[in-house]
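> Pasting a predicted model and its sequence here:
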Amino acid sequence: METHIKRESGYYTLLRWFLIVAIIEAISYLLLLGFAMPMKYVGNDPTWVALFGRIHGGLVFAFIALLLACWSKYKWTYERTVLLFVASLLPLVPFYFDRKLRKEYGLSK
């Protein structure tokens with residue numbers, strides 16, 4: 001797949017922020033599903049869902065805003081943008097796309 005990103009200083013900044021937020025959002029989703037939800041339904045403590053739910057919700061909004069910004073700036077296809085959004089809804093899949101995008105654009109961690 002051909003990359004549209006130029007090798008200019010600062011041109012990667014938006015993509016780097018997108019990848020950082022995507023990973024943090026994925027981790028918050030795993031914490032919500034793997035820790036907060038069991039605490040709510042097994043431990044009868046909804047406090048954790050309220051906390052992690054708010055954090056995750058804010059990160060989802062940031063993820064979507066950055067996804068749309070990357071779509072515009074880097075001229076991503078509609079299909080790629082939708083695929084990245086759908087991938088964010090599935091646990092662990094965002095980690096695959098993080099690696100794939102970093103490799104495609106020559107970014108290191």
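Right, received. Where do you want to start?

> Nearest spatial neighbour of the residue nearest the centre of the chain, chain-adjacent residues omitted?
What sits nearest the mean C-alpha location of the chain, by C-alpha atoms, centre = their mean, is A22, with 1.9 Å. Leaving out its chain neighbours, the residue that sits closest to A22 by C-beta to C-beta, 6 or more residues apart in numbering is P94, at 5.3 Å. No exception for glycine: its C-beta is placed from N, CA and C like everyone else's.

> That neighbour: what secondary structure?
Assigned by DSSP: H, G, I helix; E, B strand; the rest coil, the conformation of P94 is helix.

> quick one: low-confidence ranges for this protein?
1-10, 109 (pLDDT under 70).

> Test my guess that G53 contacts A36.
Yes: under the criterion of C-beta atoms under 8 Å, G53 makes contact with A36 at 7.2 Å.

> neighbour-wise, which of those two wins?
Between G53 and A36, counting by other C-beta atoms under 10 Å, A36 is the more crowded of the two (23 against 16).

> Help me confirm that that one comes into contact with I55.
No: taking contacts as C-beta under 8 Å, A36 lies outside contact range of I55: 9.7 Å.

> how many neighbours does W17 have?
W17: 14 surrounding residues under other C-beta under 10 Å.
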